[in-house]
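**Q** give me the fold of what follows.
(one chain, ligands or ions: 3)
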Amino acid sequence: MTQGVTSSGWLRRYGAPLAVGIAALVIAVLALRLANDARASLPSTEMAAARGPCLLPAEQMRRAHMDLLLHERRVAVREGIRNPQASLERCVTCHATHDAAGISLSANDPRHFCRACHDQVAVRVDCFSCHRATPAIAAADTETAR
Ligand code: HEC
Ligand code: HEC
Ligand code: HEC
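**A** Ligands and ions are numbered 1, 2, ... in the order given. I've put the predicted structure just below:
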């Protein structure tokens, strides 16, 4: 009886802070797992790095590539001004992904660089119905491109 009273007193005193502490720990662990998952789901840029630097640092590219591409497209299509540095062909050349046989993957393949993130956020681009999704020069698959 005394035992019961003491333990319920203990529970009343420390129960709530303890519960809050445990909840905070669970949330922290989950947040850490999520952060790791997000990082793990970014596409590899190892092969691309061998071909040279991106137009902007990765952090900025992640946020700005759509504006950059759509801007270049507008300028090219409307004004006829082409910026070879920012052509879509150049993106898919550096960022080409390959199957086991070394053949570059088309935009139909979920492992295509441009789909790595898009599939996760349910973004669909129609770019590759007109533009090549693979390097134009076969040599780019094995050698450095540009
Ligand atoms: C000369 C090779 C090269 C070209 C051309 C190139 N990239 Fe990159 N790209 C890279 C490299 C290398 C990285 C990783 C950079 C880093 O980690 O700082 C990268 C990173 C990125 C990222 C971020 C990926 C991530 O996991 O965070 C995006 C998005 C991207 N590029 C899109 C593009 C687009 C769109 C184009 C065309 C306009 C393009 N890139 C052209 C080499 C290239
Ligand atoms: C690091 C992840 C990542 C990679 C790699 C990536 N994208 Fe994206 N892209 C996104 C996200 C996220 C959005 C949606 C942004 C939004 O809705 O604000 C997006 C949106 C876009 C859009 C605009 C779509 C629309 O309907 O407005 C275009 C165009 C685009 N990406 C092109 C490309 C191309 C081309 C490549 C490959 C060269 C590529 N992206 C690779 C993350 C990525
Ligand atoms: C209906 C066909 C079509 C579609 C779909 C299309 N484009 Fe284009 N794009 C063109 C044509 C044609 C040009 C002009 C090519 C030239 O004059 O060099 C062009 C030019 C461009 C250019 C500048 C030059 C180059 O080679 O990169 C960019 C960048 C571009 N488009 C990006 C995009 C992106 C990003 C998407 C998807 C959101 C897209 N395009 C969808 C037909 C298309």
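
**Q** for residue 57, phi and psi?
**A** phi -60, psi 150 (degrees, to the nearest 10).

**Q** just the pLDDT for it.
**A** Turning to residue 57, the model gives it a pLDDT of 97.

**Q** look up how far ligand 1 lies from the residue nearest to the spatial centre of the chain.
**A** For the chain, the residue nearest the mean C-alpha position is residue 42 (3.4 Å; Cα atoms, centre = their mean). Going from residue 42 to ligand 1 by Cβ to the nearest ligand atom, to the nearest Å gives 4 Å. Where you see a C-beta, it was placed from the backbone N, CA and C, and this is true even at glycine.

**Q** per-domain residue ranges of this protein.
**A** Using automatic domain parsing, the domains assigned to the chain come out as 1-40, 46-141.

**Q** is the longest one positioned near ligand 2?
**A** When you say that, I think you mean domain 46-141. Yes: Domain 46-141 comes into contact with ligand 2 (Cβ under 6 Å from any ligand atom), by way of 62, 65-66, 69, 91-92, 95, 113-114, 116-118, 121, 123, 125, 127.

**Q** can you tell me which of those residues are buried?
**A** 65, 69, 91, 92, 95, 113, 114, 116, 127 (16 or more other Cβ atoms under 10 Å).
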